[in-house]
Structure formats: C-alpha cells, structure tokens
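Engineer: Curious how this folds, go ahead:
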Amino acid sequence: LEQAIALATTGKTSSLPLVSPNGRAHFSRTVTGNLRHPEAAGALGVHNAELEGYSIDRLAANVTASESGIVASGIKLNGRSLDFEGSASLALSHWQASGISAVQLHGSVSRANLQGLAEEAKLKSLPPVTGQASATVVITGTLLQPVGSAHVKFEKVSAYGEQIDSIQTDLTFAGRRVSVDHGVLKKANATLSFRGAYQHVPDSWQSGGADLQVDSAGIALENLAVIRRYEPGLAGNLEIHARSVAAVGPSHVTLQSFNGTAHARDIALSGVPLGDMAMSVGTAGQTMQVQFTGNLRGSKMDGATRIELAAGNYDSEGNLHLSQMNLATLHDLIRPHAEEKLPFQGFVEGGFHFSGPLTKPNELRATLRIDQIQISPQTTGHPHNSYNVKDLTIHNIEPVVMDISQSVATVQSAKLVAKDTHLEAAGRIAFNAKSAMDLKVGGSVNLQILRIFDPSLVSSGTSRMTASITGPLNDPAVSGTLELQDASL
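Structural biologist: Next comes the predicted model:
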C-alpha cells in the first residue's frame with residue numbers, strides 16, 4: 001500500500017514487490033488539490049509481474065487515490081493461467097488503511113486453467129487436474145472481515161481419471177467459513193447435486209473442518225473410471241444420497257462421520273444381468289456401520305461391515321451371506337459368454353467374513369464358508385430310469401472353509417460325499433502367480449458319479465484316487481494314481 005500511494009502521489013517507487021526483474025510498471029497521473037490534501041488520478045500499467053507465485057503478463061487499471069481511499073476501475077489482468085476484469089476500492093483514513101477499512105471488489109474470472117493454477121500454487125501433492133474455470137466475484141466488508149460471494153463454473157474437468165462435463169456452484173465466505181450451495185455436477189447423462197462448507201482454523205487455510213452433502217440419480221457405473229479400471233464389464237445405474245464430515249490437515253483428510261444410502265439397480269457383468277443392491281451407512285462416534293442387501297439373480301444377499309475411523313487405517317470387519325444360488329447362475333457369472341452349458345445341476349449357499357485395514361488391501365484377510373453345496377445329474381432332456389438321481393447327488397458333510405490372505409486362498413476343509421463316494425480336498429490357490437494351484441484331492445468314488453458330467457455314459461464300480469492339481473487356473477495339470485474295482489464303462 002505504501003508503494004502504491006507513493007506511486008500515485010509522486011510517480012516514483014523504489015521497487016514494487018510484485019514486479020519481476022524483467023518487468024516494468026508505470027503510472028501516468030494527474031495530481032490535483034492542495035499539497036496537504038492531494039488527489040491523483042491516472043492509468044496504471046504493469047507488465048511481467050508475479051504475485052504470490054502467480055504470473056501476471058499484463059495488468060491495466062484506471063486509478064484514483066486520495067487520503068480517503070483508492071479506487072481502481074476498468075481493471076484488466078491477463079495472467080499465465082487466468083484473466084480478470086473488474087473494479088476495486090479500499091477506504092483510507094489520512095492515507096492509512098486499518099483492519100476496519102472498507103473494501104469492495106466486483107469482477108469476473110475467465111480462461112482459468114486448473115492445471116496451470118495448481119502448478120503456480122505448487123500443489124505437487126495433489127493428482128493432476130485439468131479443465132477450464134470461470135467465475136463472477138463480489139467481495140465487500142473490511143480488510144479483517146471480508147465477505148464475499150461467487151458463482152463458479154468448471155468445464156471439461158479431468159481428475160482422478162474421471163472426465164466431467166461441467167460443475168457449477170455458488171460460493172459464499174465470511175470470516176473463516178466458506179459455504180458451497182446449489183452445486184451441480186454433470187457427467188454424460190448423470191447429474192449430481194452437492195452443497196457443503198469449510199471452516200478453517202485461525203491464520204491457516206490448510207487445516208479445518210469440512211461438511212459435504214451429495215445427492216445423485218442415474219449414474220451409469222460403466223461411465224466411472226474406477227469401474228472401468230477394476231471391473232470393466234460392470235454396468236448398472238447408481239443412486240447416492242450421503243453426507244460426510246471430515247477434519248482437514250495440511251497433508252491428510254480424516255473422515256469423522258458419514259451417513260447415507262446407495263442403490264445400484266439393473267447391475268450386469270459382461271452383459272449378464274445380476275440384479276439389484278442397496279446399502280445404508282451410518283456412524284456412531286468413531287465407528288461406521290454399513291448394512292447392505294441385494295437380489296442376485298433370485299438369490300438373496302445381506303451383510304454388514306464395521307469400520308473404525310479413529311486410527312486413520314479404517315480397520316474393518318464384515319460379513320456377507322448369500323442364499324441358495326443355482327450353479328448354472330454361478331457359471332454364467334464366472335464365464336458370461338461361454339457357449340457350453342453345465343452338464344449337471346445344483347446349488348451353493350454360504351458367505352464370507354473379512355477383516356483388516358481398508359487403506360492396506362494387502363493386509364485384508366477373509367474366510368469363505370460354503371454351508372451347502374449340492375451337485376447332481378441333469379434331469380431335463382436326459383433319461384435317468386437306469387439310476388437313482390439321489391444316489392448320484394454329491395453334497396458336503398460339513399462346511400467348506402477357505403482362508404484368503406495376500407491373494408492366496410487356502411482350503412482348510414472340503415469333504416464331499418454321495419453313495420459309495422467320499423472325497424476330501426486341501427491345498428492353496430494363488431490368484432497372482434503362474435503356478436496358481438497346488439491342491440490335493442483324495443478318496444473313493446462311485447463310478448456312476450461320472451454320469452453327472454456325461455449323462456449318456458453308462459458306468460459302474462468304484463475307484464480310489466489321489467490327485468495333485470497344479471498350474472494356472474485356466475490350464476491346470478493333474479497327476480496322481482487311480483485304482484478301479486469292479487469297473488465297467
């Protein structure tokens with residue numbers, strides 16, 4: 001301010017802090033009034049300047065200055081990453097400003113390049129964000145207690161891999177609080193509305209508390225980058241209603257509460273219809289409870305998860321239960337475009353339990369438990385008067401249990417029986433290795449069981465076997481011994 005007053009009244013300044021060594025500033029003015037109460041008016045021009053790290057190519061304004069205030073009109077600023085046009089004023093008392101000095105700013109921002117602004121602000125810890133922004137801004141109040149409002153619009157935004165068509169919102173700020181209202185985000189045919197607030201601690205914008213509420217409908221799962229990255233064949237419509245409260249720090253954000261609901265409808269995987277799912281989330285103190293239900297092609301699904309928010313690792317524990325699911329349905333889910341159908345029929349029922357920190361997926365542990373599994377020959381389109389279907393029905397005599405940790409599944413218990421048949425399996429399956437399987441299977445088998453896999457086969461007798469299954473999941477290798485007794489094929 002002292003430099004500006006000196007420039008306005010004398011036309012001289014030692015060195016404006018915002019002008020770079022290669023820049024220049026000039027002020028052509030007219031001074032009127034008497035020596036004790038001068039008034040100056042003229043045109044201010046600045047070229048090649050820098051303000052708080054932001055580059056200014058050109059700044060022009062018509063300025064009037066007196067002992068009661070400074071007024072700048074016709075302001076035109078062209079920066080490396082944005083343009084600004086508007087007017088501003090600052091009240092003075094005998095050429096001095098104080099905390100109660102009135103301020104006014106009216107203007108518009110255009111051509112704001114988000115990536116360029118982030119680079120100038122040296123926000124290296126944030127992921128790359130691209131897009132254009134524009135805004136209209138009004139600021140009033142005093143130097144110590146400014147009050148402002150703005151309407152901001154972002155277009156063609158790319159962040160976290162997501163492509164967003166536009167974002168519009170109204171901002172207001174007073175004191176340490178910034179409020180966001182009437183926010184609307186549009187992506188393809190989906191619309192998400194939002195509102196919220198942020199209140200920073202005294203003397204720092206980097207820490208404070210944030211409150212955000214979002215409501216959406218018609219979000220296509222297949223249009224979300226995170227879905228395309230991890231499950232590209234997943235499709236459906238998502239509806240979300242949620243509110244969250246978080247503590248913001250210089251280098252982290254800690255979730256304090258989250259409440260809401262989500263509904264996913266018409267879910268499909270690789271073109272195969274799956275069903276619907278609903279989820280509700282609520283927090284009590286530092287614990288988040290998640291409840292979810294669903295209908296997976298006629299099979300009922302329900303579960304719950306508990307997440308601890310205090311430590312920051314989001315330690316979790318949850319379970320999921322699935323009612324009886326037809327094996328044909330399971331086959332369609334695993335191999336949605338397979339032309340061949342299963343030669344047998346049956347069902348499974350069970351669920352899984354998991355625990356561990358959500359921020360460290362490699363430390364998550366899960367236990368898969370199949371309470372019921374049943375396999376029997378197809379009865380549709382195949383004559384079976386030569387055998388009793390019940391005699392050839394395989395089922396478990398105790399729950400099949402599999403532990404999963406660090407991308408390795410270990411079969412703890414798997415015992416299947418039928419008439420004159422008893423099979424047990426144990427071993428491991430690695431999901432991220434070339435030698436994915438290392439399973440041992442052994443027991444006795446009624447050879448009539450083979451009709452499960454080929455209904456036209458006529459077989460009798462029994463066998464004893466031990467087998468080792470190794471290799472990748474899509475090309476396993478089987479080795480072992482087979483002993484036949486009174487066999488006929």
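Engineer: Residues touching the strand of greatest length in the chain, excluding its own?
Structural biologist: The strand that spans the most residues within the chain, counting by DSSP state E, is strand 253-269. Applying CB atoms under 8 Å, 6 or more residues apart in numbering, the contact partners of strand 253-269 are 210, 221, 231, 233-247, 273-283, 286, 288, 309, 312, 314, 333, 336. The C-beta positions use only the backbone N, C-alpha and C, and glycine is treated the same way.
Engineer: Give me the pLDDT value at Val234.
Structural biologist: Just to correct that, residue 234 is Leu rather than Val. As predicted, Leu234 sits at a pLDDT of 88.
Engineer: next one: the one 4 residues further on
Structural biologist: According to the predicted model, the pLDDT of Leu238 comes to 93.
Engineer: go on, Asn446?
Structural biologist: For Asn446, pLDDT reads 89.
Engineer: And for it, the neighbour number?
Structural biologist: 20 (other CB atoms under 10 Å).
Engineer: Apart from its chain neighbours, what residue comes closest to it?
Structural biologist: Of all residues not flanking Asn446 in the chain, Asp420 sits nearest, at 3.8 Å (CB to CB, 6 or more residues apart in numbering).
Engineer: Roughly how far does the one you found sit from Thr466?
Structural biologist: According to CB to CB, to the nearest Å, Asp420 stands 18 Å off from Thr466.
Engineer: And for Val245?
Structural biologist: 59 Å.
Engineer: Those two: which is more packed in?
Structural biologist: A count of neighbours by other CB under 10 Å puts Val245 above the other of Val245 and Thr466, at 16 against 13.
Engineer: Report the beta-bridge partners for that one.
Structural biologist: Asp211, Ser257 (DSSP bridges).
Engineer: show me the contacts for it.
Structural biologist: Gly209, Ala210, Asp211, Leu255, Gln256, Ser257, Phe258.
Engineer: and the closest residue to Leu212 other than its chain neighbours, bridged to which residues?
Structural biologist: Nearest residue to Leu212, sequence neighbours excluded (CB to CB, 6+ apart): Gly196, at 3.8 Å. When bridges are called by DSSP bridges, Gly196 pairs up with Val180, Leu212.
Engineer: the strands in the stretch 51-200 of the chain, which residues?
Structural biologist: Secondary structure of the stretch 51-200 of the chain (DSSP state E, counting those that start in this stretch): strands at 54-66, 69-79, 83-91, 103-113, 129-141, 146-159, 162-174, 177-187, 190-200.
Engineer: Could you dump those strands into JSON lines and include distance to Arg36, mean pLDDT and mean neighbour count?
Structural biologist: Shown next, in JSON lines, are those (distance: least, CB to CB, whole Å; pLDDT from 0 to 100; neighbours: other CB atoms under 10 Å):
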{"stretch": "strand 54-66", "distance to Arg36": "12", "mean pLDDT": "90", "mean neighbour count": "18"}
{"stretch": "strand 69-79", "distance to Arg36": "17", "mean pLDDT": "94", "mean neighbour count": "17"}
{"stretch": "strand 83-91", "distance to Arg36": "20", "mean pLDDT": "96", "mean neighbour count": "17"}
{"stretch": "strand 103-113", "distance to Arg36": "26", "mean pLDDT": "95", "mean neighbour count": "17"}
{"stretch": "strand 129-141", "distance to Arg36": "31", "mean pLDDT": "95", "mean neighbour count": "16"}
{"stretch": "strand 146-159", "distance to Arg36": "32", "mean pLDDT": "94", "mean neighbour count": "16"}
{"stretch": "strand 162-174", "distance to Arg36": "38", "mean pLDDT": "94", "mean neighbour count": "15"}
{"stretch": "strand 177-187", "distance to Arg36": "43", "mean pLDDT": "95", "mean neighbour count": "16"}
{"stretch": "strand 190-200", "distance to Arg36": "43", "mean pLDDT": "95", "mean neighbour count": "17"}
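Engineer: any chance of those in JSON lines, plus distance to Gly23?
Structural biologist: What follows is the strands of the stretch 51-200 of the chain, written out as JSON lines (distance: least, CB to CB, whole Å):
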{"stretch": "strand 54-66", "distance to Gly23": "9"}
{"stretch": "strand 69-79", "distance to Gly23": "13"}
{"stretch": "strand 83-91", "distance to Gly23": "18"}
{"stretch": "strand 103-113", "distance to Gly23": "21"}
{"stretch": "strand 129-141", "distance to Gly23": "25"}
{"stretch": "strand 146-159", "distance to Gly23": "28"}
{"stretch": "strand 162-174", "distance to Gly23": "31"}
{"stretch": "strand 177-187", "distance to Gly23": "32"}
{"stretch": "strand 190-200", "distance to Gly23": "32"}
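Engineer: Which among those is found nearest to Thr30?
Structural biologist: strand 54-66 (9.7 Å; CB to CB).
Engineer: what lines up beside the closest one in the sheet?
Structural biologist: strand 39-51 (antiparallel), strand 69-79 (antiparallel).
Engineer: So what angle separates the directions of it and strand 83-91?
Structural biologist: 40 degrees (axes from the mean of the first three to the mean of the last three CA atoms, to 10 degrees).
Engineer: Tell me which helix or strand in this protein has the weakest average pLDDT.
Structural biologist: None of the helices or strands of the chain scores lower by mean pLDDT, DSSP states H and E than helix 2-10, at a mean of 47.
Engineer: helix or strand right after that helix?
Structural biologist: strand 19-32 (DSSP states H and E).
Engineer: So which bits of that following strand are buried?
Structural biologist: Val19, Gly23, Ala25, Phe27, Arg29 (16 or more other CB atoms under 10 Å).
Engineer: Can you check what angle separates that strand from strand 39-51?
Structural biologist: 170 degrees.
Engineer: Give the partner strands of strand 19-32 in its sheet and their orientations.
Structural biologist: Going by DSSP bridges, the partners of strand 19-32 are strand 39-51 (antiparallel).
Engineer: thinking again about what came up before, now the strands paired with strand 54-66 as JSON lines including distance to Asp181?
Structural biologist: Shown next, in JSON lines, are those (distance: least, CB to CB, whole Å):
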{"stretch": "strand 39-51", "distance to Asp181": "29"}
{"stretch": "strand 69-79", "distance to Asp181": "27"}
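Engineer: closest to Gln485 out of these?
Structural biologist: strand 69-79 (88.5 Å).
Engineer: which other residues reach the closest one?
Structural biologist: 4-5, 8, 44, 54-65, 83-92, 107.
Engineer: one more time with 7 Å
Structural biologist: 4, 54-64, 83-92, 107 (CB atoms under 7 Å, 6 or more residues apart in numbering).
Engineer: Over to stretch 302-309?
Structural biologist: Residues beyond stretch 302-309 that count as contacts (CB under 7 Å, 6+ apart) turn out to be 255-256, 286-293, 314-321, 358.
Engineer: ok, now stretch 228-242?
Structural biologist: Residues contacting stretch 228-242 (CB under 7 Å, 6+ apart): 161, 214-222, 227, 258-270.
Engineer: Buried ones among those residues?
Structural biologist: So, by 16+ other CB under 10 Å, the buried ones in the contacts of stretch 228-242 are 214, 216, 219, 221, 227, 258-260, 262-264, 267-269.
Engineer: average pLDDT across the helix or strand hosting His395?
Structural biologist: Following DSSP H and E, one finds His395 within strand 394-396. For strand 394-396, mean pLDDT rounds to 94.
Engineer: Now the element after that strand, going C-ward?
Structural biologist: strand 400-405.
Engineer: Now that next one: buried residues?
Structural biologist: In strand 400-405, counting by 16+ other CB under 10 Å, buried: Val400, Met402, Ile404.
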